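**Q** Fold the following.
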Amino acid sequence: MRRILVIGIGTGNPEHVTIEAINALNSADVLFIPTKGAKKADLAETRREIIRRYVTNSATRSVDYQLPVRNAADPSYQRGVDDWHAAITRIYQDLFLNELGEDGTGAFLVWGDPMLYDSTLRILERVRAAGGVEFEVRVIAGITSIQALCAAHRIPLNLVGKPVEITTGRRLAESFPEKSRASVAMLDGEQAFAKIDDPEAEIFWGAYLGSEHEIVISGNLQEKKQEILETRARARAEHGWIMDIYLLRKGADFDDEA
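**A** Residues are numbered from 1 along each chain as shown. Presented below is the predicted three-dimensional model:
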């Protein structure tokens, strides 16, 4: 039976790759490399750099595939994502049938960690459900952007005794700060933090975490939001893409004790 490895590779620094991940890469017959066009060539190149550094198995080969773009114009976000995943499902199925033998091992190098706001595992389940190809899956955890963010700012993720919410930009206003005093926002194309009007909120923002282009900004949200918006816009224009994350926090350790 075919075997598919889903390997977390961290957030852009090749040194994020774990020994377990290196061993998994070297056990693969084929490493699948997604390409997203010229503007996001850095993402594919980081994967190739990891392969150059760590893959010593001469029998392992790389196969590039074009990743389709989600239709952001679709008024229904969920329908747009569902259609996008359906298109990727067909690509995965073709890759497995055309590039892997029946006992072959293929691997996906997943940015960050495969279990956190990444859809590779969901799409693999769609491929399995389609019934055209059989395979088993193994997952290797990676360094998350949340870990990289907190490390870059030299802060703990949580306040003592308090929970942390992990959410998206489009859902941020539903919880922070009324329901959650610490919220990590991922996949925020709307810069939802700019709409939060709370004089006590702090923000810890980072982009291109772990890479040579890393940018971090922190401080009072009202004082820093414009700086972050302008910095983000410049960086996106310069690189052609941006991958950022931030933690919003209100309050302090032990501030709810009598």
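
**Q** can you pull the contacts of Ile143?
**A** Remark: with contacts taken as Cβ atoms under 8 Å, 6 or more residues apart in numbering, Ile143 is in contact with Gly8, Gly10, Thr11, His16, Thr18, Gly112, Asp113, Gly210. Just so you know, the C-beta spots here come from the backbone N, C-alpha and C atoms, and that holds for glycine as well.

**Q** can you confirm it is in a helix?
**A** No - counting by DSSP: H, G, I helix; E, B strand; the rest coil, Ile143 is not found in a helix; it is coil.

**Q** Just send the contacts of Ile143 back as CSV, with secondary structure and distance to Glu200 too.
**A** Shown next, in CSV, are the contacts of Ile143 (DSSP: H, G, I helix; E, B strand; the rest coil; distance: Cβ to Cβ, whole Å):
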residue, secondary structure, distance to Glu200
Gly8, strand, 35
Gly10, strand, 33
Thr11, coil, 29
His16, helix, 34
Thr18, coil, 38
Gly112, strand, 30
Asp113, coil, 31
Gly210, coil, 30
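
**Q** Tell me the one among those residues nearest to Val63.
**A** Gly8 (19.7 Å; Cβ to Cβ).

**Q** So that closest one is in contact with Ala107, correct?
**A** No - in this structure Gly8 lies outside contact range of Ala107 using Cβ atoms under 8 Å: 11.3 Å.

**Q** Asp42 falls within a helix, correct?
**A** Yes - using three-state DSSP, the secondary structure at Asp42 is a helix.

**Q** Could you chop this protein up by domain?
**A** 2-143, 146-249 (automatic domain parsing).

**Q** Dump those domains to TSV, plus distance to Asp256 and mean pLDDT.
**A** Output for these, formatted as TSV (distance: least, Cβ to Cβ, whole Å; pLDDT from 0 to 100):
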stretch	distance to Asp256	mean pLDDT
domain 2-143	28	91
domain 146-249	8	94
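
**Q** nearest to Asp255, of these?
**A** Nearest of those (Cβ to Cβ): domain 146-249, 8.0 Å.

**Q** Centre of the chain to that closest one, how far?
**A** 14 Å (Cα atoms, centre = their mean, to the nearest Å).

**Q** Can you get me the start-to-end distance on it?
**A** The straight-line separation of the ends of domain 146-249 (Cα to Cα, to the nearest Å) is 14 Å.

**Q** Strands of this structure, residue ranges please.
**A** 2-8, 30-35, 61-66, 105-110, 135-140, 165-168, 182-186, 202-207, 215-220, 244-249 (DSSP state E).

**Q** so what strands line up beside the third one?
**A** If I follow you right, that is strand 61-66. strand 30-35 (parallel) (DSSP bridges).

**Q** The partner strand: which residues count as buried?
**A** Val30, Leu31, Phe32, Ile33, Pro34 (16 or more other Cβ atoms under 10 Å).

**Q** could you give the angle of that strand to strand 105-110?
**A** 30 degrees (axes from the mean of the first three to the mean of the last three Cα atoms, to 10 degrees).

**Q** Excluding sequence neighbours, find me the nearest residue to Ile22.
**A** Nearest in space to Ile22, with sequence neighbours left out and distances taken as Cβ to Cβ, 6 or more residues apart in numbering, is Tyr54 at 4.6 Å.

**Q** Which one of the buried residues of strand 30-35 is nearest to Arg154?
**A** In terms of Cβ to Cβ, no member of the buried residues of strand 30-35 lies closer to Arg154 than Pro34, at 32.5 Å.
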